[in-house]
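Asks: sharing a sequence plus its predicted fold:
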Amino acid sequence: MFDLIRNNTKVLMALLMLLIIPSFVFFGIEGYTRFRDTSEPVARIGRERITRTEWEAAHRREVERLAASMPGIDRALLESDASRRATLQRLVDERVLARAAQDQRLTATDRRVAQELLAIPAIAQLRQADGTLDMARYQDLLRAQGMTPEQFEASVRAELARSAVLRTVADSALAGNTAAQLATAAFFEQREVAWTVFRPADFAATVQVGEAEVRAHYDAHADDYRTAEQADVEYVLLDPEALTARVTVSEQELRDYYQQNVVQNARAEQRRAAHILLQLAPDASAEEKARVRAQAERLLSEVRANPQRFAELARQHSQDPGSANKGGDLDWFGRGAMVKPFEDAVFALRKGEISDLIETEYGLHIIQLLDVRQPAAEPFEAVRPRLEAELRRQLAQRRFAEEAERFSNLVYEQPDSLAPTAQALGLTVRRATVERTGALPTADDTARAVLREPAVLRAIFQEEALSAKRNSAAIELPGNRLVAVRVVEHRPAQRRPFETVAAEVRAALVTQRALAAAREAAQARRTEWAAREPAPATLRAPVLVSRQAPNGLPLPAVRAALSARLEGDAPAWLAVDLGAEGAAVLRVRRGPARAEPDAVQRKRERDELARLLGEGESQAYLAALRERYRAEVLVR
């Protein structure tokens, strides 16, 4: 544990934010959306407001997080109204929980924060061969997110405090043996189901639709047969990645960067130490502190009497899981990598020397200095590709920050064309066709990523943009990108002529009536078969169905089968609506009883039930907190 934490807690927090805590903080280059009132409140918690700008920024980051973790997902799903409202509700709940944490005086200690970080495998990606963190990459990560370590650390701490509000409720949930047995019996219950499906396609040939009916349906459902509203647009994108490709780095700049970031770092003295840790909480009782200190003093006497046994005793007694099995060895580290009391002790020792007892927030340490080295810098040519890429990224970020304001001013000052902006900044004016829904009939990946953004769609299809055909304001996109758009041509939605959609209307009517016929047939067969068992070949072979093993049955059929009331040995006959797939008729019988679980399985099931009950209690408590703090979503 300790040898991971020493690498720099703030860096670990940064990676945690970027990978698994999407809702901690929302920073960016806001302020370029002149076309709207960014202070418009969309929710409130008492007198506190959540603005539309905050909502949009939060949702952009949520979309980027999900898109990065699930590359194949349709971004249109992430931009749905339901998805956007879920983001807003999360923002509201964060504010509510923050209020509750403040009122309950809940916070997170440095030790608690560090413990949370230890379980993240991806943290190792920032570690270098000598065990330290790559500080340049760390700074790049934070800079790309518009954050400082202090901002992020405060956000992580606040999130832990917020989660503690609900955790205290969830942890209080208990599940007794009887409740667990009843719940698991229902969950693992099996039913024997034989079934058949009545599909609309099997009835389509029997459906007759007259011309008058087709015309009447067309007239009654005119909105279903309209062309999509479209706009041909031009857009210009300011992208840090594109700037990186155009940045040039001189030989002298690269060598200066090498001196500052490789040579200077290599000059710092590094030390290798081993330790024995006896954990001791800062809020431990006086008796506990005395007990641990007495144990530590006995160990200290033993290692001083036999220094060669330090590694052996560390394996036996150290409570640092990260180093105990290595004889307490913490590998090489420099100044700034450890908590200060530990660092001061290490750098005051001579090689082979053993320290007194050192107390930190983690407990009591006995330290042995194993070695001291003055590392040599890697040769310039060996690190040149990496340094050049890092320097180009940094210069591109600086250039982007400088050009962002210029970009915003140019599209505003010359509103009739994007060409002057593109020419001044060396960018490209691109064209695409976009529908109000966000669909792009013919477009490349860049156009889809840009023009599907809700803020961009709103800018394109607002009334003034469609009529005046002027540049939009600069719009912020995920990844610290800016875009400006201009409508070139607008095509309103309009009713498609009957002659062009008559076949489509007829097909819709046939499908509708075939579906109704399938459902009627299922009801009729259920009644018939309940009175007289059908021939065996009429139904599919029986299968055992449970909540965890549907065995090929559609979900509505599974739910119906498991909720069917059975009397004695008689089967239940059910007709189940399968939506657009038609209807099914089920014959349901009792399945075999579940084998009695052993004690270990019973405990596991009881714990799982307690967890589920805790989640339910937490959600109920959160609902009560929303009422207490007068939380309200203002948009519909």
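Replies: On my side now, so go ahead. Numbers count the residues shown, from 1 in each chain.

Asks: chain neighbours aside, what residue packs nearest to residue 166?
Replies: residue 618 (4.3 Å; C-beta to C-beta, 6 or more residues apart in numbering). C-beta: built from backbone N, CA, C; applies to glycine.

Asks: ok, residue 66 - how many residues close by?
Replies: Per other C-beta atoms under 10 Å, the neighbour tally for residue 66 reads 15.

Asks: look up how far residue 243 lies from it.
Replies: 26 Å (C-beta to C-beta, to the nearest Å).

Asks: from residue 243, how far off is the residue lying closest to residue 428 once chain neighbours are set aside?
Replies: The shortest distance from residue 428 to any non-neighbouring residue, by C-beta to C-beta, 6+ apart, is to residue 422 (6.1 Å). Between residue 422 and residue 243 the distance is 14 Å, computed by C-beta to C-beta.

Asks: residue 567 belongs to a strand, doesn't it?
Replies: No - assessed with DSSP: H, G, I helix; E, B strand; the rest coil, residue 567 is coil; it does not lie in a strand.

Asks: any idea how far residue 192 is from it?
Replies: For residue 567 relative to residue 192 (C-beta to C-beta), the value is 15 Å.

Asks: tell me which of the two has more neighbours.
Replies: Comparing residue 567 with residue 192 by other C-beta under 10 Å, the one with more neighbours is residue 192, at 16 against 7.

Asks: just the element for the nearest residue in space to the more buried one that is not next to it in sequence, please.
Replies: Spatial nearest neighbour of residue 192, chain neighbours left out: residue 589 (4.3 Å); criterion: C-beta to C-beta, 6+ apart. Using DSSP states H and E, the element containing residue 589 is strand 583-590.

Asks: what mean pLDDT does the host helix or strand of residue 219 have?
Replies: According to DSSP H and E, residue 219 maps onto helix 211-220. For helix 211-220, mean pLDDT rounds to 93.

Asks: now do whichever helix or strand comes after that helix: which elements does it pack against?
Replies: As assigned by DSSP H and E, the chain's next helix or strand after helix 211-220 is strand 230-238. Secondary-structure packing of strand 230-238 (3 or more C-beta pairs under 8 Å, 6 or more residues apart in numbering; DSSP states H and E): helix 380-413, helix 419-425, strand 429-435, helix 445-451, helix 454-461, strand 481-491.

Asks: next one: the fifth one to chain centre, how far?
Replies: Same thing as helix 454-461. Computed by C-alpha atoms, centre = their mean, to the nearest Å, the separation of helix 454-461 from the middle of its chain amounts to 25 Å.

Asks: which residues touch it?
Replies: Contacts to helix 454-461, defined as C-beta atoms under 8 Å, 6 or more residues apart in numbering, come from residues 33, 35-36, 56, 59, 79, 84, 229, 231, 233, 235, 434, 436, 438, 450-451, 465-466, 472-473, 475-477, 483, 485, 487.

Asks: same question for stretch 588-607.
Replies: 175, 177, 180, 183-185, 188-193, 542, 544-546, 561, 564, 566, 569, 571-574.

Asks: try 6 Å this time
Replies: Residues outside stretch 588-607 that contact it (C-beta atoms under 6 Å, 6 or more residues apart in numbering) are 175, 180, 184, 188, 190-193, 544, 561, 564, 566, 571-572.

Asks: that older thread, check which strands are paired with the strand holding residue 589 and give the direction for each one.
Replies: strand 191-198 (antiparallel), strand 572-577 (antiparallel) (DSSP bridges).

Asks: output those as TSV; include the columns distance to residue 626 and mean pLDDT.
Replies: What follows is the strands paired with strand 583-590, written out as TSV (distance: least, C-beta to C-beta, whole Å; pLDDT from 0 to 100):
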stretch	distance to residue 626	mean pLDDT
strand 191-198	40	96
strand 572-577	35	96
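
Asks: out of those, which is closest to residue 89?
Replies: Proximity to residue 89 (C-beta to C-beta) singles out strand 572-577 among the strands paired with strand 583-590, at 30.9 Å.

Asks: state the distance from the residue nearest to residue 192 to residue 526.
Replies: On the measure of C-beta to C-beta, residue 589 and residue 526 end up 15 Å apart.

Asks: low-confidence regions, the stretch 351-500 of the chain specifically.
Replies: Confidence mapping of the stretch 351-500 of the chain against pLDDT under 70 gives the ranges 375-377, 442-443, 479.

Asks: tell me how far the residue lying closest to residue 233 once chain neighbours are set aside lies from residue 459.
Replies: In this structure, residue 233 finds its nearest non-sequential neighbour in residue 485, 5.2 Å apart by C-beta to C-beta, 6+ apart. In this view, residue 485 and residue 459 are 6 Å apart by C-beta to C-beta.

Asks: neighbour count: those two, which is higher?
Replies: More neighbours surround residue 485 than the other of residue 485 and residue 459, with 28 against 25 (other C-beta under 10 Å).

Asks: for that one, give me its contacts.
Replies: Listed by C-beta under 6 Å, 6+ apart, the contact set of residue 485 reads 233, 235, 459, 460, 472.

Asks: report pLDDT for the first one.
Replies: Read that as residue 233. Looking at residue 233, its pLDDT reads 94.

Asks: tell me the bridge partners for it.
Replies: Beta-bridge pairing for residue 233 (DSSP bridges): residue 432, residue 487.

Asks: quick thing: my sequence starts at 22, can you match it?
Replies: Understood, numbering begins at 22; the last thing we discussed is residue 254.

Asks: need the contact list for it.
Replies: 481, 506, 508.

Asks: the same query, at a cut-off of 8 Å, please.
Replies: 452, 453, 454, 455, 472, 481, 506, 507, 508, 509.

Asks: on that earlier part again, turn the helices and strands packed on strand 251-259 into TSV, including distance to residue 177.
Replies: TSV is the format used below for the helices and strands packed on strand 251-259 (distance: least, C-beta to C-beta, whole Å):
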stretch	distance to residue 177
helix 401-434	23
helix 440-446	37
strand 450-456	39
helix 466-472	29
helix 475-482	28
strand 502-512	26
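
Asks: out of the ones you listed, the one nearest residue 230 is which?
Replies: strand 450-456 (30.4 Å).
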